[in-house]
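K.L.:
Could you look at this predicted model? Sequence included:
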Number of protein chains: 4
Amino acid sequence: MSSTKERIFKAALETFSKRGFYKATMDEIAEAAGVAKGTLYYHFKSKDDILDFLIDEGIKRLKQQAIEEISKVNGAIEKLKRIVFVQTNFLYKNHDFIIVLLSQIWGHGDVPRRFREKLSTYLEIIEKVVKEGKEQKLLADCNEKLVAAAFFGMTTSILALKVIREEETVDTQEITDTVFNFALNGLKFYH
Amino acid sequence: MSSTKERIFKAALETFSKRGFYKATMDEIAEAAGVAKGTLYYHFKSKDDILDFLIDEGIKRLKQQAIEEISKVNGAIEKLKRIVFVQTNFLYKNHDFIIVLLSQIWGHGDVPRRFREKLSTYLEIIEKVVKEGKEQKLLADCNEKLVAAAFFGMTTSILALKVIREEETVDTQEITDTVFNFALNGLKFYH
Amino acid sequence: MSSTKERIFKAALETFSKRGFYKATMDEIAEAAGVAKGTLYYHFKSKDDILDFLIDEGIKRLKQQAIEEISKVNGAIEKLKRIVFVQTNFLYKNHDFIIVLLSQIWGHGDVPRRFREKLSTYLEIIEKVVKEGKEQKLLADCNEKLVAAAFFGMTTSILALKVIREEETVDTQEITDTVFNFALNGLKFYH
Amino acid sequence: MSSTKERIFKAALETFSKRGFYKATMDEIAEAAGVAKGTLYYHFKSKDDILDFLIDEGIKRLKQQAIEEISKVNGAIEKLKRIVFVQTNFLYKNHDFIIVLLSQIWGHGDVPRRFREKLSTYLEIIEKVVKEGKEQKLLADCNEKLVAAAFFGMTTSILALKVIREEETVDTQEITDTVFNFALNGLKFYH
DNA sequence: GATGAATGAGCATTCATTCAT
DNA sequence: AATGAATGAATGCTCATTCAT
């Protein structure tokens, strides 16, 4: 990625996150990137194309990190923990991305559908681990598709709500632990 | 609510859900409602105002149902189950609402912030039940704010993904059970 | 004029003056008059019709007062003085009217043309007095049409500028004297 | 001023004068200027902004000419004559401007107020000359603010009425003489 | 006489996109 | 590679007017 394209990428992510995709204008992105408006069109076909690129890149990076991380350990439970950890950290470090993603995946149009499909390729990683866990009798019987969605929804909700609120510096380790513990053991109190 | 306003309300919800808030035009809403465009402005101040009203009403109704339902039973765990049930059913019956809500609550602007604040008043109901459960030693120690967010994120993710996909008729009872079981017992396999 | 029409008349004059004819809305007029919007259309054909009526009435009243006043005295000069006096007082007491009038008479459209024609019937009163004065060798030779326009322009400019500025209470007698003296003797200093 | 902006400037002046500011549409201005509607917004922020610019420029040019002209002669009376001359000629040559100006300066809103303030900077030039004339015992004692307003009101009234009527070619020299003579010597007949 | 809900033509404004330089 | 002036289709919104009650 050329340095100019990189700058546009970052500026767009920031602008979409701050203003929302629709309210963000090409003028704003250009200004944030420090380039002329025409330059955006040299590097991207359209505004939609920038969004596509952003989502693509984001999910690609998230997947890479998840795959890399779970390859380091053995056992479905340990792998799951790593996934929660990666997810939390990634979303925390890339909250602009998650805000943009979460604003775009719901809805019936072609665009949200395409984004959901991309996201699915990430969720499949989780599903696979859950399935493994079930087979290894480490995890209880469950619908792994539902569980993957639940995992993702849980983590993003918690994180997005905290991050967006620009609260106190978020302790990602605490969230990782909470989510993981919640997911594994549930809320029931054991005497 | 006058009958005209009611019709606009429903048309707007449907249109926003189908097309997305920004792509939906006032002309489309008017046509869907079977009124003239000017009539929209007789009942609402602006397009944003319609959205506001939609979110307000939706959350108000969700809260009403949740409160009513948990008043019927005793015990935090039973109450929690009812909440999951209401949430699932409400969101399933009002999937247009949930799509609109989920598309609008993320982001840094004033609008998403306001919507999150409204949503918080619903989450507080869950928090209260969780807190009760902890005090009664029915639920494990946990951060109830995080748990409430997790509950909401989990349910909506599962549901929205199913609903949007216009999948097979969704079995809300199954989802209720899955979510509740997951939340209560976690994923760990017990020998 | 029925009491309702009278109220609309006053409300319209005030609203047009405060907001300008185009910015003023029928809603504002109705509210100022304390009636429903539909009622305006019971008494007047249209917004333009209200303006017409306002201008008509205003000029009619100005003419009446001028005619009555000049009938009280003899001699062109004395009559001219009375005209200046009436004009100043009337415009002061009816500054809403003068503001509306002055905003509408310039321009090429049919409406300003019609208003100028109505105003002409007042200017003719001045012209006639000036003509008389010339014939009686009391006033210097001059183009009475130009002089009448000058008279009107002079007085309204002075007054409007003072009145609009909502300055100190305007001393109409002083203005009358100044204008009259200026008009009669000019600015030249006589040694 | 870029050539495009210049063309918009002229087209707007003509359109506002012909149709009135409020009846004139951006489409009309664009067409008159031979540019696309969007181009108007590339050079001006809004329709109001165009009006602002027009009034600014007009008054600036009128002031420039007046200042230049009175610098050519000595003596308050001669200067005054030049002012009347410039005013008459400028307004005649720029009757579109004067029509727009006169339609906009009356009223209580912020816009007319701002325009009056701009116009005041021109009137101050007249005031200064009148003051000089008084000090030099060339002009009678008078309120120079009132006199300046009177001068302006007199000239514009005469001119606007003539110009709008699209009468016979206006003889600006005759008007200059009439106004100047009227202003200097008054209407009284001297035996 | 009076009301106010409903209308829809009209308009200012926005903004992604193009293209000549 | 980069620019920025110009475009025009698209759209939210206004508001005078109508009419059934």
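P.N.:
Right, received. Where do you want to start?

K.L.:
In contact with residue A:88: list those residues for me.
P.N.:
A:155, A:159, A:172, A:175, A:176, A:179 (C-beta atoms under 8 Å, 6 or more residues apart in numbering or on different chains). In short, each C-beta sits where N, CA and C put it, glycine included.

K.L.:
can you tell me the helix or strand for the nearest residue in space to residue A:108 that is not next to it in sequence?
P.N.:
Of all residues beyond its chain neighbours, the one nearest residue A:108 is residue B:18 (5.5 Å), with distances taken as C-beta to C-beta, 6 or more residues apart in numbering or on different chains. Using DSSP states H and E, residue B:18 sits in helix B:3-19.

K.L.:
Now whatever residue of chain A ends up closest to chain C. Its backbone dihedrals?
P.N.:
Closest to chain C within chain A is residue A:23: 28.8 Å, counting by C-beta to the nearest C-beta. Here is the backbone geometry of residue A:23 (degrees, to the nearest 10): phi -80, psi -30.

K.L.:
for residue A:188, same thing?
P.N.:
Per degrees, to the nearest 10, the backbone of residue A:188 is at phi -60, psi 140.

K.L.:
Would you confirm that it contacts residue B:184?
P.N.:
Yes: contact criterion C-beta atoms under 8 Å: residue A:188 and residue B:184 qualify, at 5.0 Å.

K.L.:
picking that back up, which non-adjacent residue is nearest the residue of chain A closest to chain C?
P.N.:
Closest to residue A:23 by C-beta to C-beta, 6+ apart is residue B:109, at 7.3 Å.

K.L.:
Contact partners for the one you found?
P.N.:
Residues in contact with residue B:109 (C-beta under 8 Å, 6+ apart) are A:18, A:19, A:20, A:23.

K.L.:
Likewise for residue A:30?
P.N.:
Going by C-beta under 8 Å, 6+ apart, the list of residues near residue A:30 reads A:11, A:36, A:37, A:39, A:40.

K.L.:
now do 10 Å
P.N.:
Going by C-beta atoms under 10 Å, 6 or more residues apart in numbering or on different chains, residue A:30 touches A:8, A:11, A:12, A:15, A:36, A:37, A:38, A:39, A:40, A:41.

K.L.:
Greatest separation within the residues you listed: which pair is it?
P.N.:
Of all pairs drawn from the contacts of residue A:30, the widest gap by C-beta to C-beta lies between A:15 and A:38 and measures 17.2 Å.

K.L.:
What parts of chain A come near chain C?
P.N.:
By the rule C-beta under 10 Å from any C-beta of the partner chain, no part of chain A lies against chain C.

K.L.:
Flag every residue of chain A that's near DNA strand F.
P.N.:
A:2, A:4, A:35, A:36, A:37, A:38, A:39, A:41, A:42, A:43 (C-beta under 7 Å from any atom of the strand).

K.L.:
from the residues you listed, which ones fall inside helices?
P.N.:
A:4, A:37, A:38, A:39, A:41, A:42, A:43 (DSSP state H).

K.L.:
Throw the residues you listed into JSON lines and include distance to residue B:54, thanks.
P.N.:
Listed next are these as JSON lines, based on distance: C-beta to C-beta, whole Å:
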{"residue": "A:4", "distance to residue B:54": "41"}
{"residue": "A:37", "distance to residue B:54": "34"}
{"residue": "A:38", "distance to residue B:54": "39"}
{"residue": "A:39", "distance to residue B:54": "39"}
{"residue": "A:41", "distance to residue B:54": "36"}
{"residue": "A:42", "distance to residue B:54": "40"}
{"residue": "A:43", "distance to residue B:54": "38"}
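
K.L.:
Can you flag the buried ones in those residues?
P.N.:
A:39, A:43 (16 or more other C-beta atoms under 10 Å in any protein chain shown).

K.L.:
Nearest to residue C:149 among the ones in helices among the residues of chain A next to DNA strand F?
P.N.:
residue A:37 (53.4 Å).

K.L.:
Work out for me the element the spatially closest residue to that closest one that is not a sequence neighbour sits within.
P.N.:
Leaving out its chain neighbours, the residue that sits closest to residue A:37 by C-beta to C-beta, 6+ apart is residue A:30, at 4.4 Å. Element membership of residue A:30, judged by DSSP H and E, is helix A:26-33.

K.L.:
Can you report how many residues lie near residue A:68?
P.N.:
11 (other C-beta atoms under 10 Å in any protein chain shown).

K.L.:
what's near enough to touch the residue nearest to residue A:14 when sequence neighbours are not counted?
P.N.:
Once flanking residues are discounted, residue A:14 sits nearest to residue A:96: 5.7 Å by C-beta to C-beta, 6+ apart. Counting by C-beta under 10 Å, 6+ apart, residue A:96 touches A:10, A:12, A:13, A:14, A:15, A:16, A:17, A:18, A:54, A:58, A:163, B:108.
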